[in-house]
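Trainee: missing the sequence, but the structure's below:
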Ligand SMILES: [Zn+2]
Ligand SMILES: [Zn+2]
């Protein structure tokens, strides 16, 4: 039954609680690229758990720099998040109605 020939459901079972420190280490090797003209960053690679191609996109956090002069509006600062939560968005079906293999790892290095 482990043979995946012809099957749409892959061998790695969907699991939102799976965790392995090595997966996080692997994710921290990924390189981020800023999406031109935006305050978003993308990275992609193979999910360390199910090994399917997946992409991740994060948005800058926006903060307001306080203005030095009373009455004038502050300046918006867009800074990439220091850490992000990785989620698997691979195209394979691990479980009907769900996206990816369920892997979520907080603490991945941000852009
Ligand atoms: Zn997968
Ligand atoms: Zn996965």
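Mentor: Sure, I can see it. All values derive from a computational prediction rather than experimental measurement. Ligands and ions are numbered 1, 2, ... in the order given.

Trainee: Could you count how many residues lie near residue 15?
Mentor: Residue 15 has 15 neighbours, counted by other CB atoms under 10 Å. Glycine gets a C-beta too; all of them are placed from N, C-alpha and C.

Trainee: swap that for residue 24, sorry
Mentor: For residue 24, using other CB under 10 Å, the count is 16.

Trainee: same thing with residue 104?
Mentor: Around residue 104 there are 15 residues (other CB under 10 Å).

Trainee: How about the contacts made by it?
Mentor: 16, 85-88 (CB atoms under 8 Å, 6 or more residues apart in numbering).

Trainee: Could you look up the SS state of residue 13?
Mentor: At residue 13 the chain is in coil, as set by DSSP: H, G, I helix; E, B strand; the rest coil.

Trainee: That one: what's it in contact with?
Mentor: So residue 13 contacts 94-95, 101 (CB under 8 Å, 6+ apart).

Trainee: out of those, who's nearest ligand 1?
Mentor: residue 101 (4.3 Å; CB to the ion).

Trainee: So that closest one versus residue 85, what's the distance?
Mentor: Residue 101 sits 15 Å away from residue 85, going by CB to CB, to the nearest Å.

Trainee: Between those two, which is the more surrounded one?
Mentor: Legend: neighbour count by other CB under 10 Å for residue 101 and residue 85, higher for residue 101 (27 against 12).

Trainee: I figured the more buried one was touching residue 91, is that so?
Mentor: No: counting by CB atoms under 8 Å, residue 101 does not reach residue 91; the two are 11.1 Å apart.

Trainee: List the strands paired with the strand or helix carrying residue 107, with their directions.
Mentor: Here residue 107, judged by DSSP states H and E, is contained in strand 104-109. Partners of strand 104-109 in the sheet, by DSSP bridges, are strand 83-87 (antiparallel).
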